[in-house]
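Asker: structure, please.
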Amino acid sequence: MSEIAPETVAQRLEGGDDDFTLVDIRREADFEEWHVPGSENVDVYEELKDDPDAAAEVLSDLPENGEIVTVCGAGVLAADAAELLQEQGYDAKTLENGMNGWARVHRMASLEVNLDGELIQVARPGTGCLSHVLITEGEAAIFESSQYTAEYEAVLEEYDADLAGVFDTHAHADHVSGGKNLAEAHSAPYYLHPADDDGIDATHVEDGDVIEVGAVEIEVIHTPGHSPGSVSYAVEEEALLTGDTLFHDSVGRVELGVDAGLEETSIEDNAETLYESLERLRERDGNPLVLPAHDPGSPQPPVAASLNEVKQRNEAFVQDRETLVAALSADVPKQPPNFERIKLTNVGTEEISDEEADELELGPNRCAAE
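Answerer: Now for the predicted structure:
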């Protein structure tokens, strides 16, 4: 079986390589829900299972020039599709582990900030997750670590930096945090607001705390609404890591914890709280980069916008209280896949295996209000 690594596909897409075609053979509904950017859907899922000859006939209409990479959920049926294409003379490969593999891809880029150090963005195109690594005077702070901690270990090794702390803006509902495990591996603190800690035993942060890492100060701003323990981290006046409170084009959802029975509040009360948190961010001095924990698309780093730019392009961010509360209370988007178990894992209520963590994360990001 001829396979191509998801990381290689990500590099080729990032480089603008147009000498290959990504052909997603899943059902149309699954493709619309979540797919590799730039891929096209040729729905032969059922045919590949029940009638390979019919699948081969449909696939024979694909252009013959260039390489074809077939995609499915885990790479199994896509391998069958690639084999049928190869039998017809196509140069065909399969995306290794399919969308499961695509979800694990991490891409990195440095951000333009005026700090005594470097701020690196780590993006996951397959899930929309964004995390950040601050390197300063031989120390490192990691924000919003994914469960794939080897990606961050590689950064620490490249910069020969000691891990001073791992920071989460809140207990996430759409990806399994690697923060606690990464911190424990380096005997470093794992920072989390106590309102989002139900057994993680994190090092708690409160509004107004200032944490020094190397030559850089990190200020804690309590910005609840999306989650009771949501905070934003101000990295001096250069960057504002806003978690799922503020995105570049939207704001955080306010109903997830209520719907899951995790919060003894109402959607309307959470919307009111979020408005007040956004007001605090709007009134910040300077013009820092706004760096959320997620991007609803398939992000290729750097994904950044200044606070003034976000004010101009993000309608929800500048709405009056009544309008925003009404909109967030009435327009409830589809829930993230498996969000209850992910949330319970991240607050410390539930323990899961590595295999379960992989499976729980699969699917698109849905932590922004639409």
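Asker: from residue 241, how far off is the most centrally placed residue in the chain?
Answerer: Geometric centre of the chain, nearest residue: residue 129, 1.1 Å, by C-alpha atoms, centre = their mean. Distance of residue 129 to residue 241, computed by C-beta to C-beta, to the nearest Å: 13 Å. No exception for glycine: its C-beta is placed from N, CA and C like everyone else's.
Asker: shared neighbours, those two?
Answerer: Residues touching both residue 129 and residue 241 by C-beta atoms under 8 Å, 6 or more residues apart in numbering: 144, 293.
Asker: name the residues that touch stretch 29-38?
Answerer: 9, 13, 22, 24, 39, 41, 43, 45, 71, 73, 95, 99, 102, 125-126, 297-298, 363-364.
Asker: and stretch 139-150, how far out from the chain middle?
Answerer: Remark: stretch 139-150 is offset 13 Å from the chain centroid, using C-alpha atoms, centre = their mean, to the nearest Å.
Asker: residues touching residue 192, list them.
Answerer: With C-beta under 8 Å, 6+ apart, residue 192 has these contacts: 168, 170-171, 179, 200, 202-205, 229.
Asker: compare the residues you listed and tell me which is most surrounded.
Answerer: Among the contacts of residue 192, the one with the most neighbours (other C-beta atoms under 10 Å) is residue 168, at 31 neighbours.
Asker: show the model's pLDDT score for it.
Answerer: Per-residue confidence (pLDDT) for residue 168: 97.
Asker: that one touches residue 179, doesn't it?
Answerer: Yes - here residue 168 reaches residue 179: they are 4.9 Å apart, a contact under C-beta atoms under 8 Å.
Asker: which neighbours do those two have in common?
Answerer: Joint contacts of residue 168 and residue 179 (C-beta under 8 Å, 6+ apart) are 144-145, 190, 192.
Asker: show me those residues that map onto strands.
Answerer: 190, 192 (DSSP state E).
Asker: closest to residue 245 among the shared contacts of residue 168 and residue 179?
Answerer: Among these, residue 144 lies closest to residue 245 (C-beta to C-beta), at 12.6 Å.
Asker: tally of neighbours for that closest one?
Answerer: 27.
Asker: now the nearest residue to it once chain neighbours are set aside: which helix or strand?
Answerer: Using C-beta to C-beta, 6 or more residues apart in numbering and skipping the chain neighbours, the partner closest in space to residue 144 is residue 131 (4.0 Å). Assigned by DSSP states H and E, residue 131 falls within strand 129-136.
Asker: can I get that strand in CSV, CA atoms only?
Answerer: What follows is strand 129-136 as a C-alpha-only set of coordinates in CSV (Å, rounded to 0.1, in the frame of the first residue of the first chain):
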residue,chain,number,x,y,z
CYS,A,129,-6.6,24.4,17.6
LEU,A,130,-3.9,27.0,18.3
SER,A,131,-1.3,26.9,21.0
HIS,A,132,1.7,29.1,21.8
VAL,A,133,5.2,28.7,23.2
LEU,A,134,7.1,31.6,24.8
ILE,A,135,10.9,31.3,24.8
THR,A,136,12.8,33.8,26.9
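Asker: now for it, which elements pack on it?
Answerer: With contacts defined as 3 or more C-beta pairs under 8 Å, 6 or more residues apart in numbering; DSSP states H and E, the packing partners of strand 129-136 are strand 118-124, strand 139-143, helix 150-159, strand 216-222, strand 289-292.
Asker: what's whatever helix or strand comes next after the fourth one packed up against?
Answerer: Following strand 216-222 in sequence order, the next helix or strand is strand 231-235 (DSSP H and E). Identification of packing neighbours for strand 231-235 by 3+ C-beta pairs under 8 Å, 6+ apart yields strand 216-222, strand 239-243.
Asker: quick one: strands adjacent to strand 231-235?
Answerer: With DSSP bridges as the test, strand 231-235 is paired with strand 216-222 (antiparallel), strand 239-243 (antiparallel).
Asker: quick one, it and strand 118-124 angle?
Answerer: Here the directions of strand 231-235 and strand 118-124 differ by 140 degrees (axes from the mean of the first three to the mean of the last three C-alpha atoms, to 10 degrees).
Asker: next one: strand 231-235 to chain centre, how far?
Answerer: 18 Å.
Asker: just the CA trace of that strand, in CSV.
Answerer: Provided in CSV are the C-alpha atoms of strand 231-235 (Å, rounded to 0.1, in the frame of the first residue of the first chain):
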residue,chain,number,x,y,z
VAL,A,231,-8.9,33.5,31.7
SER,A,232,-6.9,35.5,29.2
TYR,A,233,-3.2,35.9,29.5
ALA,A,234,-1.5,39.2,28.6
VAL,A,235,2.0,38.7,27.6
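Asker: what residues does it touch?
Answerer: For strand 231-235, the external contacting residues (C-beta under 8 Å, 6+ apart) are 113, 115, 119, 134, 143, 167, 169-170, 193, 205, 207, 216, 218-223, 240-243, 245-246, 281, 284, 288.
Asker: and those residues, which of them are buried?
Answerer: Buried subset of the contacts of strand 231-235 (neighbour count, 16 or more other C-beta atoms under 10 Å): 113, 115, 119, 134, 143, 167, 169-170, 193, 205, 216, 218-223, 240-243, 245-246, 281, 284, 288.
Asker: mind listing the helices for the stretch 51-200 of the chain?
Answerer: For the stretch 51-200 of the chain, helices defined by DSSP state H, counting those that start in this stretch occupy the ranges 52-59, 76-87, 98-102, 150-159, 179-185.
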